[in-house]
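> My questions are about this predicted structure, shown below with the sequence.
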Amino acid sequence: MRKALGIVRFEEMKSKTFEVIRVTERLCEFCNGVIDVKKEMLRTVQISDRDDYENLLTRSKAYDRAEADLENNEVYFYDHDYPGDVHPRCVEKL
């Protein structure tokens with residue numbers, strides 16, 4: 001189960017290794033709905049002390065949102081992209 005990285009306590013992440021994954025959601029210019037999603041594995045991080053934890057929280061602030069999946073040892077950083085594309089149904093509404 002994923003939850004916001006900001007509410008995950010250090011004790012929950014201590015002594016674990018996490019894959020950090022960037023998720024880029026391409027959004028429709030008209031409705032802001034998701035057109036497609038691209039996932040990219042950025043790095044693997046070991047949370048061995050509070051500095052590692054704080055460093056991860058600091059890095060997460062550069063993204064639109066961040067989530068942690070403690071069961072699968074994954075951290076997701078979300079970005080949004082407006083590539084100039086639109087859903088076909090949004091074009092039909094014009």
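Happy to help now that I have it. Nothing here was measured: the structure is a model prediction, and the numbers come from that model. Numbering: from 1, shown residues only.

> Quick check: mean pLDDT of stretch 66-86?
For stretch 66-86, mean pLDDT rounds to 92.

> do stretch 26-40 as well
Mean predicted lDDT for stretch 26-40 stands at 90.

> repeat for stretch 1-9
The pLDDT scores in stretch 1-9 average 94.

> ends of that stretch, how far apart?
End-to-end span of stretch 1-9 (Cα to Cα, to the nearest Å): 15 Å.

> Now the residue sitting nearest the centre point of the chain. Nearest residue, chain neighbours left out?
For the chain, Phe77 is the residue whose C-alpha lies nearest the centre (Cα atoms, centre = their mean; 2.3 Å). Once flanking residues are discounted, Phe77 sits nearest to Tyr63: 4.2 Å by Cβ to Cβ, 6 or more residues apart in numbering. Every residue, glycine included, has its C-beta placed from N, CA and C.

> three-state assignment of the one you found?
coil (DSSP: H, G, I helix; E, B strand; the rest coil).

> can I assume it is in contact with Tyr76?
No - between Tyr63 and Tyr76 there is no contact under Cβ atoms under 8 Å: 9.0 Å.

> between the two, which one's more packed in?
Taking neighbours as other Cβ atoms under 10 Å, Tyr63 and Tyr76 compare with Tyr76 leading, 19 against 16.

> what's the longest helix in this structure?
Ranked by residue count and defined by DSSP state H, the top helix of the chain is helix 50-60.

> and that helix, what does it pack onto?
Contacts defined by 3 or more Cβ pairs under 8 Å, 6 or more residues apart in numbering; DSSP states H and E place helix 50-60 against helix 10-13, strand 34-47, strand 74-81.

> got the buried residues for the helix or strand following it?
Downstream of helix 50-60, the next assigned helix or strand under DSSP states H and E is strand 65-69. Neighbour-count burial for strand 65-69, counted by 16 or more other Cβ atoms under 10 Å, picks out 66-69.
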